[in-house]
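Asks: Sharing a model that was predicted from the sequence below.
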Protein chains: 2
Amino acid sequence: MTQTRIHNLSISLDGFATGEGQALDAPMGHAGMRLAGWMFATRFGAPILERSGGTAGVDDAFAQQNEPGIGAEIMGAGKFGPPGWQDDPDWKGWWGANPPFHTPTFVLTHRPRPSIGMEGGTTFHFLDATAVEALDAASAAAEGRDIRIGGGATVVRQFLAAGLVDHMHLVQVPIVLGRGVRVWDGLEGLEADYDIEAVSAPSGVTHLTFDRKTA
Amino acid sequence: MTQTRIHNLSISLDGFATGEGQALDAPMGHAGMRLAGWMFATRFGAPILERSGGTAGVDDAFAQQNEPGIGAEIMGAGKFGPPGWQDDPDWKGWWGANPPFHTPTFVLTHRPRPSIGMEGGTTFHFLDATAVEALDAASAAAEGRDIRIGGGATVVRQFLAAGLVDHMHLVQVPIVLGRGVRVWDGLEGLEADYDIEAVSAPSGVTHLTFDRKTA
């Protein structure tokens, strides 16, 4: 069976996965690099910022899980671009000519546009769809492999609330962000459906994995 | 120098330290025993429920830090009794004739009453006071020892916001409580003042310690 997976979703102590004030020059809003900093320090994350090296411990081991077996990604409009990107017909995402997805990638937006083929195997598709509809479309494109829910917080919450997530890896960063989009709202009792593990890392972050209980 | 300390404050993944619907037969509201269950499983906590035994690992090591060096406690009205206890002149707290504080214990309430001496060294004092005023009163009574802020979440948040907390030990329990009183609200940027450590335990909880940075 294919799985729907979430990886490397960084949250603050107060549960915010996205800061406030996202803009072209501030993709993470007022959170800046503080949420994802742990990841860019790893062997997995360093090349994303065109750095060499990186740590090879528990943070890297978790970060690497992002890739294997993924056949398609679903992301929210806020991950694809800054507020208003829908008004720019030339906007093709934050990632340049060769985005790091290398699969069909479905962007949820109320203003769909034609699909865009990029270098390296990424094709952006734009859907005005519910979580279930998006998952159906992504599954059809994934050729039997898993679907990654790429965030941000609003999309993650939507898929969790719909009971569509099989595996989730959160990374709690020891900061109090205060503002932004909370991942937990509306998910009371989520733990009933999951086996949960927590592992703190020497870097200071705590990795939380949620695996859906089997019947 | 004496310190102002918080110990064994359990919070959910979504940051709630108290459930909703606190009542005489539900001291923790809808959270029930889920938040403090880790503590009652330790050698420190088992006797509180008149159980024997208990674990002696990392959870117990942290739990035991609650006691040494404390000369007074400050607690909120919601820790002392269920909503409306102020209307019951005979209410003397949840803990019976010999409460587990064994020091002067200051209860913050807008409706103070005369002090109550209990067995075992606990004396309840009732104050309608700001955080700073309460800390002054507790310090005067603590004979040079430390002050414990006993909770609940509202009082903890109040003391943190006022910059009065030197050491805080939180215990994050892997449940999504959904409702109650959040400990983090209004504390954006708290991490700037503290050295923070996170340690996950085999029981599934994660211990977070905050130690105020020295200048």
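Replies: Yes, it's here.
Asks: buried set for the lengthiest strand in chain A?
Replies: When chain A is parsed with DSSP state E, its longest strand is strand A:4-12. Neighbour-count burial for strand A:4-12 flags A:4, A:5, A:6, A:7, A:8, A:9, A:10, A:11, A:12 (criterion: 16 or more other C-beta atoms under 10 Å in any protein chain shown). Just so you know, the C-beta spots here come from the backbone N, C-alpha and C atoms, and that holds for glycine as well.
Asks: same question, stretch A:161-177
Replies: A:164-177.
Asks: where does residue A:147 land in three-state SS?
Replies: Secondary structure, DSSP: H, G, I helix; E, B strand; the rest coil: residue A:147 is strand.
Asks: partners of it in the sheet?
Replies: residue A:4, residue A:72 (DSSP bridges).
Asks: From residue A:108, how far off is it?
Replies: Going from residue A:147 to residue A:108 by C-beta to C-beta, to the nearest Å gives 13 Å.
Asks: higher neighbour count, the two?
Replies: residue A:147 (29 against 23; other C-beta atoms under 10 Å in any protein chain shown).
Asks: got the residue ranges for the strands in chain A?
Replies: Taking DSSP E as the test, the strands found in chain A are A:4-12, A:16-18, A:70-76, A:104-108, A:116-117, A:123-127, A:146-149, A:167-173, A:181-182, A:194-200, A:206-212.
Asks: Any idea which of those gets closest to residue B:92?
Replies: Proximity to residue B:92 (C-beta to C-beta) singles out strand A:194-200 among these, at 38.4 Å.
Asks: Now do that closest one: which elements does it pack against?
Replies: For strand A:194-200, the packing partners by 3 or more C-beta pairs under 8 Å, 6 or more residues apart in numbering or on different chains; DSSP states H and E come out as strand A:206-212, strand B:194-200.
Asks: and those strands, which is most packed in?
Replies: Stretch with highest mean neighbour count among the helices and strands packed on strand A:194-200: strand A:206-212 (a mean of 19; mean count of other C-beta atoms under 10 Å in any protein chain shown).
Asks: at contact distance from chain B, anything in it?
Replies: Yes - part of strand A:206-212 sits near chain B under the criterion C-beta under 8 Å from any C-beta of the partner chain, namely A:206, A:208.
Asks: Given that strand, what are its sheet partners and their directions?
Replies: If you go by DSSP bridges, strand A:206-212 pairs up with strand A:167-173 (antiparallel), strand A:194-200 (antiparallel).
Asks: quick revisit: need the max-distance pair from the buried residues of strand A:4-12.
Replies: Comparing every pair within the buried residues of strand A:4-12 by C-beta to C-beta identifies A:4 and A:12 as the most remote, at 24.2 Å.
Asks: Around chain B, which positions in chain A sit nearby?
Replies: Counting by C-beta under 8 Å from any C-beta, chain A sits next to chain B at A:13-15, A:172, A:174-179, A:182, A:184-191, A:196-200, A:204-206, A:208.
Asks: intersection of neighbour lists for residue A:147 and residue A:108?
Replies: Common contacts of residue A:147 and residue A:108, defined by C-beta atoms under 8 Å, 6 or more residues apart in numbering or on different chains, comprise residue A:74.
Asks: Find the residue closest to residue A:112 in space, skipping its chain neighbours.
Replies: Closest residue to residue A:112 apart from its sequence neighbours, by C-beta to C-beta, 6 or more residues apart in numbering or on different chains: residue A:126 at 4.0 Å.
Asks: Count the neighbours of the one you found for me.
Replies: Neighbours of residue A:126 under the rule other C-beta under 10 Å: 20.
Asks: middle-most residue in chain A, spatially?
Replies: Centroid check for chain A by C-alpha atoms, centre = their mean gives residue A:150 as the closest residue, at 2.7 Å.
Asks: and that residue, what is it in contact with?
Replies: A:73, A:74, A:75, A:79, A:101, A:105 are the contacts of residue A:150 under C-beta under 8 Å, 6+ apart.
Asks: what would those look like in TSV with neighbour count and pLDDT?
Replies: Formatted as TSV, these follow (neighbours: other C-beta atoms under 10 Å in any protein chain shown; pLDDT from 0 to 100):
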residue	neighbour count	pLDDT
A:73	25	98
A:74	28	98
A:75	22	98
A:79	22	94
A:101	21	96
A:105	28	98
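Asks: Relative to residue A:92, which of those residues is nearest.
Replies: When those are compared against residue A:92 (criterion: C-beta to C-beta), the nearest one is residue A:105, at 11.3 Å.
Asks: If I follow the layout properly, that closest one ends up in contact with residue A:125?
Replies: Yes - under the criterion of C-beta atoms under 8 Å, residue A:105 makes contact with residue A:125 at 7.0 Å.
Asks: okay, the strands paired with strand A:206-212 in a markdown table with mean pLDDT next?
Replies: Supplementary listing: the strands paired with strand A:206-212 in a markdown table, determined by pLDDT from 0 to 100:
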| stretch | mean pLDDT |
| --- | --- |
| strand A:167-173 | 98 |
| strand A:194-200 | 98 |
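Asks: export those to CSV and tack on distance to residue A:43?
Replies: Putting the strands paired with strand A:206-212 into CSV (distance: least, C-beta to C-beta, whole Å) gives the following:
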stretch, distance to residue A:43
strand A:167-173, 16
strand A:194-200, 18
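Asks: Ok, which of those comes nearest residue B:154?
Replies: For the strands paired with strand A:206-212, proximity to residue B:154 was assessed by C-beta to C-beta; strand A:167-173 is nearest, at 23.2 Å.
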